[in-house]
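Colleague: sequence first, predicted coordinates after that:
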Amino acid sequence: VREIPSCKPIPTQNDIICLSTVSEDRIEPLPSTALPAISRKRSSKDNDGDYLSGIRKKKRKDEAPSSDNGLEKVVREVLDGYVARSSEKLPFYCRVCAKQYPNLEKFQSHFSGDFHQTAAAMERKASYCKLCRKQFTSPVQMQEHLQSKPHRDRLQRVRQKQQQQQQGNRAKRDGGGSRR
């Protein structure tokens, strides 16, 4: 190790070389009165970790009223309590029906059952955005998409276009109604 009078010793092997005379100087931190105040906004996560608690479910106008089919009621109950479990790598687990199976044979036979077929169809319907023509892998992703900026922008453009068409139809009706 060689010595330089105004600096630390210079290491000879793969160490960092510092030739600065102020390398040991430290800057004092700002006092807390000089820092901006931290304001914590209440997020939807604060509600016991329930991200979907503030999202209201709307009944669609174009949906046919569902019959009192017991299977659909049970499937709806399962889907209402849907929790994304994609982070867990469970063998023989059906995330749509939230059921665990002991072996591959029972797991594969489950897919051809009425309960799974109905649940999968309802989930596909609940996770498709007609406006954006996008299919999502889960209702949770669909809810996130509905809150996204691209979806909201597209919705706003469609609403503006509909309003312009309605105004044009009114103008035609009011202006063209007196002719005969």
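Modeller: Perfect, I can see it now.
Colleague: export the one helix or strand residue 119 maps to as PDB, just CAs?
Modeller: In this structure, residue 119 is located in helix 114-126 according to DSSP states H and E. What follows is helix 114-126 as a C-alpha-only set of coordinates in PDB (Å, rounded to 0.1, in the frame of the first residue of the first chain):
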ATOM      1  CA  ASP A 114     -71.900 -29.500 -14.500                       C
ATOM      2  CA  PHE A 115     -70.700 -27.400 -11.500                       C
ATOM      3  CA  HIS A 116     -67.400 -26.600 -13.100                       C
ATOM      4  CA  GLN A 117     -68.800 -26.000 -16.600                       C
ATOM      5  CA  THR A 118     -71.400 -23.500 -15.200                       C
ATOM      6  CA  ALA A 119     -68.800 -21.800 -12.900                       C
ATOM      7  CA  ALA A 120     -66.300 -21.400 -15.800                       C
ATOM      8  CA  ALA A 121     -69.000 -20.000 -18.100                       C
ATOM      9  CA  MET A 122     -70.100 -17.500 -15.500                       C
ATOM     10  CA  GLU A 123     -66.600 -16.500 -14.800                       C
ATOM     11  CA  ARG A 124     -65.800 -15.900 -18.500                       C
ATOM     12  CA  LYS A 125     -68.900 -13.800 -18.700                       C
ATOM     13  CA  ALA A 126     -68.000 -11.800 -15.600                       C
END
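Colleague: got the buried residues for that helix?
Modeller: 115, 116, 118, 119, 122, 123, 126 (16 or more other C-beta atoms under 10 Å). C-betas here are computed from N, CA, C, even on glycine.
Colleague: got a list of what the second one touches?
Modeller: So that's residue 116. By C-beta atoms under 8 Å, 6 or more residues apart in numbering, the residues touching residue 116 are 94, 96, 97, 110.
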